[in-house]
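# Sharing a model prediction with you, sequence too.
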Amino acid sequence: MRVFHSPKYTADLGEHVMPIRKFDLVRRALEEQALALEFLEPAPATDEDLLRVHTAEYVRAVATGEPRALAESQKFPWSARLAEAVRFTSGGCIAALYAALEDGVAGNLASGFHHAHADHGEGFCTFHGLVVALERARHDGRLERGLVVDLDVHYGNGTASLLATRPNLFALSLYGSWYKANTASRDVDTERAPDTDNSWSVPVANGTDGAGYLALLEEHLPRALERAKPSVILYQAGADPYREDPYSPLDLGVTDLYERDRRVFEAAKRAGIPIAWVLAGGYTKDVSKVVAVHANTARAALEVFGA
Ligand SMILES: [Zn+2]
């Protein structure tokens, strides 16, 4: 399985709640497990790629650092290195999507950054790698319809807002329903967009355990596949639904999240739809737990698809 990663994904954020070095740690953990993975470096996303999804003013702000408030709207300190890093993480989404179209499955060791909007960032998300990748593939004539399966604990508000003008792209977001009350993540717009014909959200009740979560997934994922009829799935595999995560109101263990991943991959395989997985949120203080959940996503993909 091809997995995309680059040391350039990481910028120095100083002391920050976002453990951005986890991208490198997940790579190392996967190498230590000697799995059947081929690690590749992606090309960075181009201006053209970004401008299909983001406004020129915002892309320029992130590139130059000015105006600073806009360049830092995702709540990261701006640096030239950060401006480069967010091009590479989006490039990784593009590369993983293309590899999945060829091989059936592929991964990117960075987030899809589902809180990013057209004209600003939010919640540690600068550019929306998932929609950037889908729009690139649509532009290249490689796909008609795509589905984002977002199992980060936060609602994918950036995805929903970007999909409002993109009827051929679809999103399913299962999220922790304390969202509005979660003052710890108030950097993210807590007003959920209403569901539309192509963007669906499922609130998961506080305290939901593995069995309850998997039942919701089994209920809503087939429905999303049926309605979206996608030619590719982008799977945003958040580590922040984990029970020890400061943002999580759910009672999910590492094994539950592995089972979550396995079921998403099985559904894709059963339907014959290529799937590219990416990482997402994960803020547990003991970063080794975050790394374990993310590394398990690769293991689940290999278990379902083989090498
Ligand atoms: Zn999250």
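Looks like it arrived, so ask away. Keep in mind the model is a prediction, meaning the values are calculated, not measured.
# quick one: stretch 40-49 to chain centroid distance?
17 Å (CA atoms, centre = their mean, to the nearest Å).
# now do stretch 227-244
Using CA atoms, centre = their mean, the offset of stretch 227-244 from its chain centre is 7 Å.
# what about it and the ion, any contact?
Yes - Stretch 227-244 reaches the ion (CB under 5 Å from the ion) through D240. Every C-beta, even on glycine, is put in place using the N, C-alpha and C of the backbone.
# so how far is Q74 from the residue in the stretch 1-150 of the chain that the ion sits nearest to?
The minimum distance from the stretch 1-150 of the chain to the ion, using CB to the ion, falls at G123 (7.3 Å). Shown here: G123 relative to Q74, a distance of 7 Å by CB to CB, to the nearest Å.
# The two: which has the busier surroundings?
Using other CB atoms under 10 Å as the criterion, G123 and Q74 rank with Q74 on top: 25 against 21.
# quick one: secondary structure of the more buried one?
Under DSSP: H, G, I helix; E, B strand; the rest coil, Q74 falls in the coil class.
# Correct me if wrong: it contacts H128.
No - Q74 is beyond contact range of H128, at 10.9 Å (criterion: CB atoms under 8 Å).
# gap between stretch 93-110 and the chain center?
Distance, centroid of stretch 93-110 to centroid of chain: 13 Å (CA atoms, centre = their mean).
# Which strands or helices does the longest helix seen in the chain pack on?
Using DSSP state H, we find that the single longest helix of the chain is helix 80-103. If contacts are counted by 3 or more CB pairs under 8 Å, 6 or more residues apart in numbering; DSSP states H and E, helix 80-103 sits against strand 2-4, helix 47-51, helix 56-64, strand 105-111, helix 129-139, strand 232-237, strand 275-279.
# Tell me the residues on the chain that lie near the ion, please.
D152, H154, D240, G281.
# hmm, 6 Å instead?
By the rule CB under 6 Å from the ion, the part of the chain lying against the ion is D152, V153, H154, G238, D240, A280, G281.
# now, which of these sits nearest the ion?
G281 (2.6 Å).
# residues touching the residue nearest to L37 when sequence neighbours are not counted, list them.
Excluding the flanking residues, the one nearest L37 by CB to CB, 6 or more residues apart in numbering is V3, at 4.9 Å. Neighbouring residues of V3 by CB atoms under 8 Å, 6 or more residues apart in numbering: L30, L37, E38, F39, L40, A96, A106, G107, N108, L109, A298.
# Please look at the second one and R299 and confirm they touch.
No - judged on CB under 8 Å, L37 makes no contact with R299 at a distance of 9.8 Å.
# These two: which has the busier surroundings?
The neighbour comparison of L37 against R299 (other CB under 10 Å) goes to L37, with 20 against 16.
# Could you report the neighbour count for R263?
16.
# Tell me which other helices or strands the helix or strand that contains it touches.
Following DSSP states H and E, one finds R263 within helix 254-271. With contacts taken as 3+ CB pairs under 8 Å, 6+ apart, helix 254-271 sits against helix 210-228, strand 232-237, strand 275-279, helix 287-305.
# Point out the most buried one among the ones you listed.
strand 275-279 (a mean of 30; mean count of other CB atoms under 10 Å).
# got the contact list for that one?
Contacts of strand 275-279 (CB under 8 Å, 6+ apart): 22-23, 26, 92-93, 96-97, 99-100, 104-112, 129-130, 133, 232-239, 261, 264-265, 268, 294, 297-298, 301.
# before we move on, back to that, list the residues that contact both of G123 and Q74?
With CB under 8 Å, 6+ apart, G123 and Q74 have common neighbours H115.
# ok so, going back, roughly how far apart are the residue of the stretch 1-150 of the chain closest to the ion and P249?
17 Å.
# Below-threshold pLDDT in the stretch 151-300 of the chain: ranges please.
Low-confidence segments of the stretch 151-300 of the chain, defined by pLDDT under 70: 179-193.
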